[in-house]
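Chemist: Turn this into a model:
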Amino acid sequence: MWIILGLFISLSVSALSSFEQLKNVKILKVLPNNIIMVDRGLEDGLLRNDHVKFSHDEVGYSARAVCLQAKATMSYWKLYRIPESEAFSKDLTYTISGLADREIPFQNAKIRDDEISFADDKKADPGPNPFTVKRDLPQKLTERDLLEASGPREEKLFIEKAILRDQLTQDLSDYRFSVYASPFTKQSINDGESLRYGFRGGNFGSRYRLQTQFEQQQSKLRDPQNDKTVSTRSTTGNAQFSVNRLKPWLSSLSLINYNSTRFSSLGTPKSHWQFGALGFTWHILESKTWEYVDLSYIPLYDMRTTDTLRENGTRAQEKENGLRHGLRLGFRSKLNEKVSLENLLWYRPYQQLATWEFDASDMNLTNDLKIIFNVTNNFFFDYNLIFQRDKLWRTLSKLPENNTINALNMRYDFDI
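Modeler: From the prediction side, this is the model:
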């Protein structure tokens, strides 16, 4: 296994990989039809038909592009999805980030089929207006658009850009689904072996991002209370919305979580909702190896209903509402073109609303580790190791407060 993993890590490719970045890229020339020439080429690992995103620290996302021709120290790019033509200037430096080929919209994929050559101009006269990059996204103008902004960093302009409806529509149109199933799942809390299946959805929007997930797990397991074998089902779901890059290092976060689980004949919990209206994500690190390292905080309104068993054998329901302080640490590392490592840690200590008493031992902790193997462009194998710690399993249901889940997922991605 370690030999195979070592071979995966040692693989290398000459083209710009997904999420790989080149910084301090300058535009040398702007040509008709939204074609630009930049000062990076084959020596920097750029090849014809590479798919990338252009961005700037101050302006943010600028455009997507496909490489038409690459030479030793320069390359030509066809731009598309250009929200603001003013974002392009020879006076600025840009960051090129590699994108997956599957993210090229169908109508733009034909760019890669055209053979285009460019003559070397030793000296080019830029003329009175060399910047011929044109906006290619629709926009409905209003009176606000006619007002002259006092500066690109003014708070008024910042807020207006954050709620731009056209950008929201454009971002959400680029939505992808993943369906997955786990023929093998084993968890420690009740010696359960299960069939686990579900779907995930998400978009690659430059500004607005929506992620959804729904999962069910059907199990045959041993009931720790009476040592009988029972069949049960657990359901989880969540939705997350974020406004990406309010600042180069900051994004907003809003989410809803739901789960319903039966580790015994009782619902533990019968239903558990968490609502987070507004939180923030700090982008700590992005590099060639680390696709992202993020830290998030969001206050969560927590509503939980748990089935309990009285001493006389009758059932009752225990309801608890309170506040949880959600802290999330996530990262994704690309080991090579085929193998990625992803981890998501949630720590959510509880606070009573009536007394504001803080209970750090009731942490509702979850750590979700994935090793992702990309078999083809759309087909994946995921090994999933999940650790859960919930004090209420012990205090309300007399179950162990720790649970470990091992699962092997088969996943397929597709566009809608």
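Chemist: Stretch 90-100 spans what distance, first to last residue?
Modeler: Stretch 90-100 has an end-to-end distance of 27 Å (Cα to Cα, to the nearest Å).
Chemist: could you pull out the strands for the stretch 151-300 of the chain?
Modeler: Remark: strands assigned in the stretch 151-300 of the chain by DSSP state E, counting those that start in this stretch are 175-187, 192-203, 208-222, 229-243, 250-260, 271-285, 290-309.
Chemist: Rebuild the ones you listed as CSV, extending it with mean neighbour count and mean pLDDT.
Modeler: The C-beta positions use only the backbone N, C-alpha and C, and glycine is treated the same way. Output for the strands of the stretch 151-300 of the chain, formatted as CSV (neighbours: other Cβ atoms under 10 Å; pLDDT from 0 to 100):
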stretch, mean neighbour count, mean pLDDT
strand 175-187, 17, 72
strand 192-203, 17, 77
strand 208-222, 17, 80
strand 229-243, 16, 83
strand 250-260, 18, 92
strand 271-285, 16, 92
strand 290-309, 18, 89
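Chemist: Among those, which comes closest to residue 47?
Modeler: strand 290-309 (20.7 Å; Cβ to Cβ).
Chemist: Adjacent strands (with direction) for the closest one?
Modeler: Applying DSSP bridges to the sheet, strand 290-309 is found paired with strand 271-285 (antiparallel), strand 315-334 (antiparallel).
Chemist: looking at the ones you listed, which is closest to residue 100?
Modeler: strand 315-334 (11.5 Å).
Chemist: and that closest one with strand 250-260, angle?
Modeler: With axes from the mean of the first three to the mean of the last three Cα atoms, to 10 degrees defining the directions, strand 315-334 sits at 140 degrees from strand 250-260.
Chemist: how about the CA coordinates for strand 315-334, as PDB?
Modeler: This file holds the C-alpha atoms of strand 315-334, laid out as PDB (Å, rounded to 0.1, in the frame of the first residue of the first chain):
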ATOM      1  CA  ARG A 315     -40.800   6.500  26.400                       C
ATOM      2  CA  ALA A 316     -40.400  10.200  26.800                       C
ATOM      3  CA  GLN A 317     -38.800  13.000  24.700                       C
ATOM      4  CA  GLU A 318     -36.000  15.300  26.000                       C
ATOM      5  CA  LYS A 319     -35.900  18.700  24.200                       C
ATOM      6  CA  GLU A 320     -32.900  21.000  24.400                       C
ATOM      7  CA  ASN A 321     -32.500  24.400  22.700                       C
ATOM      8  CA  GLY A 322     -29.400  26.500  23.000                       C
ATOM      9  CA  LEU A 323     -26.400  28.100  21.300                       C
ATOM     10  CA  ARG A 324     -23.400  26.400  19.900                       C
ATOM     11  CA  HIS A 325     -20.200  28.200  18.900                       C
ATOM     12  CA  GLY A 326     -19.200  26.500  15.700                       C
ATOM     13  CA  LEU A 327     -15.500  26.400  15.000                       C
ATOM     14  CA  ARG A 328     -14.400  24.600  11.800                       C
ATOM     15  CA  LEU A 329     -10.900  23.900  10.500                       C
ATOM     16  CA  GLY A 330     -10.700  22.500   7.000                       C
ATOM     17  CA  PHE A 331      -8.000  21.700   4.500                       C
ATOM     18  CA  ARG A 332      -7.400  19.900   1.200                       C
ATOM     19  CA  SER A 333      -4.100  18.900  -0.100                       C
ATOM     20  CA  LYS A 334      -3.400  17.600  -3.600                       C
END
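Chemist: May I see the buried residues of the following helix or strand past that strand?
Modeler: Per DSSP states H and E, the first helix or strand lying C-terminal to strand 315-334 is strand 339-347. By 16 or more other Cβ atoms under 10 Å, the buried positions in strand 339-347 come out as 339, 340, 342, 344, 345, 346, 347.
Chemist: How about stretch 66-86?
Modeler: Buried, per 16+ other Cβ under 10 Å, within stretch 66-86: 66-70, 74-85.
Chemist: Which residues are in contact with residue 316?
Modeler: By Cβ atoms under 8 Å, 6 or more residues apart in numbering, the contact set of residue 316 is 307, 308, 309, 310.
Chemist: the residue most distant from the middle of the chain, which is it?
Modeler: residue 312 (48.9 Å; Cα atoms, centre = their mean).
Chemist: so that residue is in which element?
Modeler: For residue 312, there is no host helix or strand (DSSP H and E).
Chemist: low-confidence ranges in the stretch 1-150 of the chain?
Modeler: 1-19, 59, 106-115, 119-150 (pLDDT under 70).
Chemist: Show me the strands in it, by range?
Modeler: Ranges of strands in the stretch 1-150 of the chain, per DSSP E, counting those that start in this stretch, are 21-31, 35-38, 51-56, 60-70, 75-80, 93-98.
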